[in-house]
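Chemist: Let's see this in three dimensions:
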Amino acid sequence: MAALQTLRTDGAILLLSLYELGHAPHGVAMPAGFLERAGFRPRVLDLAIDRLDDDAVRSARLICLSVPMHTALRLGIAALARIRRINPDAAVCFYGMYAPLHADHLRSLGVDFAIGGETEEALVDVARSLDAGAPSSTDAGIDVVLDRLRFGPPARAQLPSPDRYSRLLVGDETRLGGYAETTRGCLHRCRHCPVPAVYDGRLFAIDRDSVLADIDAQVAAGSQHITFGDPDFWCGPGHSMAIVRALAERHPTVTFDATIKVSHLLRYADRLGELRKLGCAFIITAVESLRDDILERLDKGHTRADFERALALCEEHGITMRPTFLPFTPWTNLADMVELADFLYERELVDAVDPVQLTVRLLVPRGSLLLDRAEDRAAFGPLDAEALTHRWQHPDPRVDALQRELAGIVEAAGSGTDRLSNRHVFDQLRAAIHRADGRPAPAAYAAPQRPVPRMTEHWFC
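Modeler: I've put the predicted structure just below:
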């Protein structure tokens with residue numbers, strides 16, 4: 001009881017970020033703000049940048065691990081054993097997108113709370129409950145919260161400076177990066193995406209003043225470019241556009257990027273010109289596949305022709321599209337891989353696509369909407385609790401072998417490749433793809449070099 005009564009002292013609550021794609025972690029900054037406003041004084045660590053501090057773990061009474069991604073969840077589980085060795089008495093909470101999807105497995109590992117959705121007030125409630133002397137409980141600590149919150153600004157003071165995170169590269173220019181979100185959840189139900197498995201088609205706006213205060217603080221700390229990490233920036237286009245208009249007014253030299261669906265690029269095409277004028281450096285668009293039947297299976301809401309129209313619209317308005325792909329699924333064949341690689345060459349998109357995009361393999365977490373239909377479910381095996389995904393093998397073993405070969409090529413190239421070596425990596429990938437399908441070696445990429453804006457951390461989901 002005495003230990004629990006110290007929960008409001010410095011560091012009695014420890015917030016850990018595992019991995020957020022090279023960005024300053026919103027997943028610990030926002031909860032830290034909520035906890036501080038409730039009278040707690042959490043310690044914040046980003047384990048993608050700094051080492052896990054044994055003393056911080058030892059002095060904590062509530063340890064919360066942010067797991068917004070599959071990679072973060074696996075890293076969090078790996079860290080859990082060390083946390084339990086150092087401090088077996090602390091209550092442990094996993095929170096974020098992937099926590100409720102794998103709650104049963106986390107509970108089996110001794111995790112006390114697994115919370116997804118709008119988690120911040122729930123974390124405050126957990127802290128208040130433990131502070132009042134309530135025991136942690138693995139029986140009642142599993143939840144998805146979809147209550148609308150009142151947001152204040154995130155608390156980023158304990159995080160590393162912007163120069164330790166991902167940067168924007170445009171030609172020879174480097175700009176320090178920052179990160180913000182205007183909404184959470186998504187109105188759409190793409191069947192391969194974890195968001196609808198948690199949010200069930202709901203969207204929550206983050207208060208405009210909160211977003212802008214967060215951006216102001218990051219710019220004051222040196223950020224020159226903001227990544228908007230909304231699952232889809234134009235799910236609430238009025239809200240998001242109002243924020244970037246205010247951003248341009250307050251910080252006219254600061255650029256930004258955002259993720260926008262193909263269907264929204266078409267529906268709100270009249271806003272692309274304004275988006276560019278306001279400082280949009282590039283748009284990430286989850287294309288996933290060039291095959292319409294696979295796009296329909298994934299419920300992406302667009303066709304290949306839609307993607308090509310959206311690409312033309314972005315080019316027309318001077319905005320770089322950085323398309324992302326999900327090339328390896330149970331329904332992909334070798335000819336599809338050849339077509340994708342050749343398409344990127346023919347449309348001169350090699351500079352705009354990270355090589356890792358040709359290696360991505362479908363993950364199917366617990367609760368995935370891909371398991372809803374019997375005809376799709378048959379492609380997947382039972383949940384592998386250790387891998388945190390339903391295992392699957394392609395009917396053609398050459399496809400799985402190609403995925404492993406391409407992943408090896410990208411891994412060997414390293415993460416610090418410049419654009420020239422980026423082209424060299426793509427040449428290797430395309431040659432391997434053609435070879436796997438029994439085709440002659442293709443010609444090297446020869447399109448004129450262009451300074452495509454990109455982040456120093458490869459993006460993939």
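Chemist: Please, where are all the strands along the stretch 351-461 of the chain?
Modeler: Here the stretch 351-461 of the chain has its strands, by DSSP state E, counting those that start in this stretch, at 383-384, 389-390, 454-455.
Chemist: From the contact counts, what lies against the first one?
Modeler: So the one you mean is strand 383-384. Packed against strand 383-384 by the contact rule (3 or more C-beta pairs under 8 Å, 6 or more residues apart in numbering; DSSP states H and E) you find strand 389-390. (C-beta placed from N, C-alpha, C; glycine too.)
Chemist: Now do the strand it packs on: distance to the chain's middle.
Modeler: 18 Å (C-alpha atoms, centre = their mean, to the nearest Å).
Chemist: do stretch 306-322 as well
Modeler: Relative to its parent chain, stretch 306-322 has a centroid offset of 22 Å by C-alpha atoms, centre = their mean.
Chemist: One more: stretch 57-71?
Modeler: 18 Å.
Chemist: What mean pLDDT does that stretch get?
Modeler: For stretch 57-71, mean pLDDT rounds to 96.
Chemist: List the buried residues for that stretch?
Modeler: 57, 59-71 (16 or more other C-beta atoms under 10 Å).
Chemist: just to revisit the earlier point, kindly reformat the strands of the stretch 351-461 of the chain as JSON lines containing mean neighbour count, mean pLDDT and distance to Ala32.
Modeler: Converted to JSON lines, the strands of the stretch 351-461 of the chain look like this (neighbours: other C-beta atoms under 10 Å; pLDDT from 0 to 100; distance: least, C-beta to C-beta, whole Å):
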{"stretch": "strand 383-384", "mean neighbour count": "16", "mean pLDDT": "92", "distance to Ala32": "32"}
{"stretch": "strand 389-390", "mean neighbour count": "20", "mean pLDDT": "94", "distance to Ala32": "30"}
{"stretch": "strand 454-455", "mean neighbour count": "24", "mean pLDDT": "93", "distance to Ala32": "24"}
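Chemist: Looking at the ones you listed, which is nearest to Ala374?
Modeler: strand 389-390 (14.4 Å; C-beta to C-beta).
Chemist: tell me which strands and helices the closest one is in contact with?
Modeler: So strand 389-390, by 3+ C-beta pairs under 8 Å, 6+ apart, packs with strand 383-384.
Chemist: partners of the helix or strand of the chain with the lowest mean pLDDT in the sheet?
Modeler: In the chain, no helix or strand scores lower on mean pLDDT, DSSP states H and E than strand 142-145, which sits at a mean of 86. Its sheet considered, strand 142-145 pairs with strand 113-117 (parallel) by DSSP bridges.
Chemist: Any stretches of the stretch 1-150 of the chain with poor pLDDT?
Modeler: 1-5, 136-142 (pLDDT under 70).
Chemist: can you do 50?
Modeler: Counting by pLDDT under 50, the ranges of the stretch 1-150 of the chain that qualify are 1-4.
Chemist: For Leu429, see how far away Pro88 is.
Modeler: 47 Å (C-beta to C-beta, to the nearest Å).
Chemist: quick one: Leu334 and Pro397 touch, right?
Modeler: No: the pair Leu334 / Pro397 is not scored as a contact, 11.2 Å apart, by C-beta atoms under 8 Å.
Chemist: all helices for the stretch 301-450 of the chain, in order.
Modeler: Secondary structure of the stretch 301-450 of the chain (DSSP state H, counting those that start in this stretch): helices at 304-316, 334-346, 374-377, 397-413, 419-436.
Chemist: Adding mean neighbour count, write these out as JSON lines.
Modeler: Listed next are these as JSON lines, based on neighbours: other C-beta atoms under 10 Å:
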{"stretch": "helix 304-316", "mean neighbour count": "17"}
{"stretch": "helix 334-346", "mean neighbour count": "17"}
{"stretch": "helix 374-377", "mean neighbour count": "11"}
{"stretch": "helix 397-413", "mean neighbour count": "16"}
{"stretch": "helix 419-436", "mean neighbour count": "19"}
